[in-house]
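Colleague: got a predicted structure here, sequence first:
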Amino acid sequence: MKKIAVFTSGGDAPGMNACIRAIVRGAAFHGVEVYGIIRGYNGMIKGDIIPLNSQSVSNIIQRGGTILKSARSKEFMTTEGRQKAYDKLQELGIEGLVAIGGNGTFTGAEIFFNEFKIPTVGAPGTIDNDLYGTDYTIGFDTAVNTALDAIDKIRDTADSHDRVFFIEVMGRDSGYIAVQCGIAGGAEALMIPENLTPVDEIITILNNGFAKQKSSSIVVVAEGDEEGNAQVVANKIREKMGSKIDIRVTTLGHIQRGGIPTAYDRILASRLGLGALEGLLRGEKNVMAGVINNQLVYTPFHDTITKKKPVSEDLIRMVEILST
Ligand code: F6P
């Protein structure tokens, strides 16, 4: 394989640039020509594809976002869109792809591979950490630390005013960010999609706290929780508890997606980027590179998108015990 392309797709994640850098520098090391596709599958369809070299990725390891930009492509979900994308890759003689992204990215990559057989290897880039086949995804650690910094600050004002804060963190279908920053931030309760916690249970936890003279509490809510987002949950609880508690809601939103990647994310991204590239050059295809128990492994796209990576029950139980 002498010519490959790399792209980022779906929600951006801090560390994607470090991953791009590893792929480009790795390709240069192995004497492989490398192109960057701008705005993910949309750029593939339009032929928005640029040559990259070692210098193109200088001074980006510390930057959040993605120099290749990102998008969620509706057109790539159509047969015509994928045909156009294939034609553009053929025009440039691109023989293999490295896709950096999450669930949606690998769903597209698997369909594309099945139709056109262009070897593709993925690197998991999403703050949600919801991909089977890797212990951690690129961007998750930075997002957790960003959310934790906000929780620490909110705790100060919650304490001063004897308030209960409902803090919403990202995670459409997953509670990984909520669990980790809930533990590290000393939250009184967690609400995550993987584990149904009815609002009545939250009320019991809050009342138990009041009984023990706890004057402020933090409840971390993943945006995809079954009871609703933080605002919805807070409204339900306000309705049931009335003036007994002073509630505020903070939605952290997209600040979790930006910022300087942590050392952990930069190292993970470098390892997964190089792992994806070298896997591709060795003949891996239709798989995602991941790190499990500190070992580089390759998992079929099909498994990464269909199998669940459960949130550890131990960690959830720990929040319950440590908040009493
Ligand atoms: O998948 C990453 C993520 O940040 C989710 O946590 C969140 O639900 C979603 O992307 C938000 O997507 P968008 O930026 O398109 O609104």
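Modeller: Good, I have the coordinates. Values in this document were obtained by computation on a predicted structure and should not be read as measured data.
Colleague: what residues of stretch 159-179 count as buried?
Modeller: By neighbour count on 16 or more other Cβ atoms under 10 Å, the buried set for stretch 159-179 is 163-171, 174-179. For every residue, glycine as well, the C-beta is placed using N, CA and C.
Colleague: what's the answer for stretch 48-60, then?
Modeller: By neighbour count with 16+ other Cβ under 10 Å, stretch 48-60 contains the buried residues Asp48, Ile49, Leu52, Val57, Ile60.
Colleague: give me phi/psi at the second one?
Modeller: Put plainly, it is Ile49. The phi/psi pair for Ile49 (degrees, to the nearest 10) reads phi -130, psi 130.
Colleague: list the contacts for Glu33?
Modeller: Lys2, Lys3, Ile4, Ala27, Pro51 (Cβ atoms under 8 Å, 6 or more residues apart in numbering).
Colleague: so how far is Ala13 from it?
Modeller: 26 Å (Cβ to Cβ, to the nearest Å).
Colleague: show the subsequent helix or strand relative to the helix or strand hosting Ile177.
Modeller: Take DSSP states H and E as the rule and Ile177 turns out to sit in helix 176-184. Downstream of helix 176-184, the first helix or strand assigned by DSSP H and E is strand 189-191.
Colleague: list of residues touching the helix or strand just after that following strand?
Modeller: The first helix or strand that comes after strand 189-191 along the chain, using DSSP H and E, is helix 199-211. With contacts defined as Cβ under 8 Å, 6+ apart, helix 199-211 is touched by 164, 188-189, 191, 217, 219, 227, 233, 236-237, 240-241, 245, 323-324.
Colleague: pull the most distant pair out of these.
Modeller: Using Cβ to Cβ, the two most remote members of the contacts of helix 199-211 are Lys236 and Thr324, lying 23.1 Å apart.
Colleague: between these two, which is the more surrounded one?
Modeller: Neighbour totals were compared for Lys236 and Thr324, and Lys236 leads with 17 against 9 (other Cβ atoms under 10 Å).
Colleague: skipping adjacent residues, who's closest to Ser217 in space?
Modeller: Distance criterion Cβ to Cβ, 6 or more residues apart in numbering; nearest residue to Ser217, sequence neighbours excluded, is Glu188 at 4.1 Å.
Colleague: state the pLDDT value of that neighbour.
Modeller: At Glu188, the pLDDT value in this model is 96.
Colleague: cool, the one 3 residues further on as well?
Modeller: Per-residue confidence (pLDDT) for Met191: 97.
Colleague: residues touching it, list them.
Modeller: Neighbouring residues of Met191 by Cβ under 8 Å, 6+ apart: Ala178, Thr197, Ile202, Val219, Val220, Val221, Ala222, Asp225, Glu227, Val233.
Colleague: what about the residues you listed, which are in helices?
Modeller: Cross-referencing these against helices under DSSP state H gives Ala178, Ile202, Val233.
Colleague: need the contact list for the nearest residue to the first one once chain neighbours are set aside.
Modeller: Among residues not flanking Ala178 along the chain, Ala222 sits closest, at 4.1 Å (Cβ to Cβ, 6+ apart). The contact partners of Ala222, taken as Cβ under 8 Å, 6+ apart, are Glu168, Val169, Met170, Gly171, Ser174, Gly175, Ile177, Ala178, Leu190, Met191, Ile192, Pro193.
Colleague: ok, how many other residues are close to the closest residue to the first one other than its chain neighbours?
Modeller: Leaving aside its chain neighbours, Glu168 sits nearest to Ala230 (3.5 Å; criterion: Cβ to Cβ, 6+ apart). When neighbours are counted by other Cβ under 10 Å, Ala230 registers 25.
Colleague: Ala230 contacts Gly171, correct?
Modeller: No - under the criterion of Cβ atoms under 8 Å, Ala230 makes no contact with Gly171, lying 12.0 Å away.
Colleague: tell me the secondary structure at Leu97.
Modeller: strand (DSSP: H, G, I helix; E, B strand; the rest coil).
Colleague: now do the SS call for Gly65.
Modeller: For Gly65, the assignment made with three-state DSSP gives coil.
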